[in-house]
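structure for this input, please:
(one chain, ligands or ions: 1)
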Amino acid sequence: MIQFDAIHKRFPNGTTAVHDLSLEIPEGGVTVLVGSSGCGKTTTLRMVNRMVEPTSGTIRVGGKDVTRQDAAELRRSIGYVIQQAGLFPHRTVLDNIATVPLLLGHGRRRARARAAELLETVGLTAESGRRYPHQLSGGQQQRVGVARALAADPPVLLMDEPFGAVDPVVRTQLQDELLRLQKELNKTIVFVTHDVDEAVRLGDRIAIFRTGGHLVQCAAPAELLARPADDFVADFLGAERGLKLLSLKTLADVPQGPAPEGGAWTLVLDEARKPLHWAPKDTKDAEIPLRPLADGDSLLAALDESIASPTGLIARVDADGVLTGVSSRDDIHEHAGRAHTAARTRTGTEPETETAA
Ligand SMILES: Nc1ncnc2c1ncn2[C@@H]1O[C@H](COP(=O)(O)OP(=O)(O)OP(=O)(O)O)[C@@H](O)[C@H]1O
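Model (predicted):
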């Protein structure tokens, strides 16, 4: 757990970057710090590993006051990932990843073996380990940055806009990878972004800051979207709060029935009973492509597919892609409404919102 207790940071030029911050970051989850530019997110993050020292207040990691620990040692025990990866340009990828294990006194052989393992963990080939950072794409460099931060197996990972400099497709891939890794590793991750969608996608909890370094609200994403503490939070989350909430809910509970027969549309399956497309009764019309959805897909994806398809139906599949049934636009819509009511009225089932002035 990371505890910020009455933290204040005023830079020598008089700028207050963080104002009276008290926040508990639970162990083993992703806490995302969001807010507009200059609201103190990076400063907050960098105080955890003492790259910035607070003016007053206490920060504890695992119960220990960080100011009572040797700064260099502390930094080696906390993973740190930044935008543009921050790799050493004249070292190979493998040596970049092996840096911290080497500093920690692991032999070169062991450090490299660990680095090779991590390359695979973050989805890179062994061959890329022999390259230099500039010979990799931006997205690959970010993966190396994550591997390097994980090399000493630190319980805490600080990530400062790590995916800010890559295109949206690669960004989504990197987010997926991080979620997959986190399921496996269960680190305590503090993640800074100014992108609300990224925060909602990755965060177990989201802390929203406003200019002047004020924490406004910290809550689980669904709670935040359903019950923003004030107009600032509501504005920051954006106009499509309702849709964002649906991106957090799955399709699992929406009822499904057999595919209709003899109507205007027929669901065409391949020999393994995997849905291919909708065929019109009138063969002059074009067939309609479809995107099969599984129980783990979101209500937002279901709503989108049901609206986009003139059939008003979605094809549901199991983990192997085999048809399990179809669901109607009306059923999806009804569930979407219920998800909202539940989120608004929920009491005591989610972590409590922390608000600060
Ligand atoms: N070394 C410094 N000296 C003086 N002021 C600083 C320093 N570092 C940051 N600041 C100021 O402190 C405030 C908070 O900066 P910080 O980088 O923490 O914000 P941020 O929320 O991470 O912003 P961004 O999203 O743009 O990275 C800003 O007004 C910034 O200009």
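
OK, contacts around Trp79?
For the record, residue 79 is Gly, not Trp. Ala149, Leu150, Ala152, Pro154, Val156, Leu157, Leu158, Lys187 (Cβ atoms under 8 Å, 6 or more residues apart in numbering). C-beta coordinates here come from the backbone N, C-alpha and C atoms, glycine included.

tell me the pLDDT at the closest residue to it other than its chain neighbours?
Leaving aside its chain neighbours, Gly79 sits nearest to Ala149 (3.3 Å; criterion: Cβ to Cβ, 6 or more residues apart in numbering). With respect to pLDDT, Ala149 scores 83.

what is the burial count for Ala149?
24 (other Cβ atoms under 10 Å).

so in terms of bridging, what pairs with the nearest residue to Pro275 once chain neighbours are set aside?
With sequence-adjacent residues excluded and distances taken as Cβ to Cβ, 6+ apart, Pro275 is closest to Ala315, at 4.1 Å. Beta bridges link Ala315 to Val326, judged by DSSP bridges.

hmm, Ala315 is touching Ile288, no?
No. Using Cβ atoms under 8 Å, Ala315 is not in contact with Ile288, being 10.9 Å away.

what about the two, which has more around it?
Ala315 (25 against 16).

for that one, give me its contacts.
Contact partners of Ala315, counting by Cβ under 8 Å, 6+ apart, are Ala259, Leu267, Pro275, Leu290, Pro292, Leu293, Leu323, Val326.

name the residues that touch whatever helix or strand the residue nearest to Gly79 lives in?
Using DSSP states H and E, Ala149 sits within helix 138-150. Defining contact as Cβ under 8 Å, 6+ apart, one finds that helix 138-150 is touched by 79-82, 84-87, 93, 96-97, 99-100, 115, 118-119, 121-124, 128, 133, 136, 157, 159, 162-163, 165-166, 170, 173-174, 177-178, 181, 185.

least confident pick among the contacts of Ala315?
Ala259 (88).

confirm that that residue sits in a helix.
No. Ala259: not assigned to a helix; according to DSSP: H, G, I helix; E, B strand; the rest coil it is coil.

without its sequence neighbours, what residue ends up closest to it?
The shortest distance from Ala259 to any non-neighbouring residue, by Cβ to Cβ, 6+ apart, is to Leu267 (4.2 Å).

quick one: residues contacting whichever residue of the stretch 151-300 of the chain sits closest to the ligand.
The stretch 151-300 of the chain approaches the ligand most closely through His194 (5.1 Å), counting by Cβ to the nearest ligand atom. When contacts are counted by Cβ under 8 Å, 6+ apart, His194 touches Val34, Gly35, Ser36, Ser37, Lys41, Glu161.

could you redo the last one with a cut-off of 7 Å?
Val34, Gly35, Ser36, Ser37 (Cβ atoms under 7 Å, 6 or more residues apart in numbering).

and the pLDDT for it?
At His194, pLDDT is 88.

got it, and the one 4 residues further on?
Per-residue confidence for Glu198 comes out at a pLDDT of 92.

before we move on, what about the one 4 residues further on?
The model reports Leu202 with a pLDDT of 94.

how many neighbours does the residue nearest to it when sequence neighbours are not counted have?
Residue nearest to Leu202 in three dimensions, not counting chain neighbours: Val30, with 5.3 Å by Cβ to Cβ, 6+ apart. By the measure other Cβ under 10 Å, the count of residues near Val30 is 22.

show me the shaky parts of the stretch 51-200 of the chain.
84-85 (pLDDT under 70).

the helices in it, which residues?
71-76, 93-103, 108-121, 138-150, 168-185, 196-202 (DSSP state H, counting those that start in this stretch).

quick revisit: and the contacts of helix 138-150, which are buried?
Neighbour counting by 16 or more other Cβ atoms under 10 Å classes 79-82, 85-87, 93, 96-97, 99-100, 115, 118-119, 121-124, 128, 133, 136, 157, 159, 162-163, 165-166, 170, 173-174, 177-178, 181 among these as buried.

can you pull the contacts of Leu251?
Leu293, Asp295, Asp297, Ser298, Leu299, Ala302.

Produce a ChimeraX select command limited to the buried residues of the residues you listed.
Buried residues within the contacts of Leu251, by 16+ other Cβ under 10 Å, are selected in ChimeraX with:
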select :293,297,298,299,302
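
what's the domain layout of this protein?
2-248, 265-340 (automatic domain parsing).

coming back round to it: how far off centre is the helix holding Ala149?
16 Å (Cα atoms, centre = their mean, to the nearest Å).
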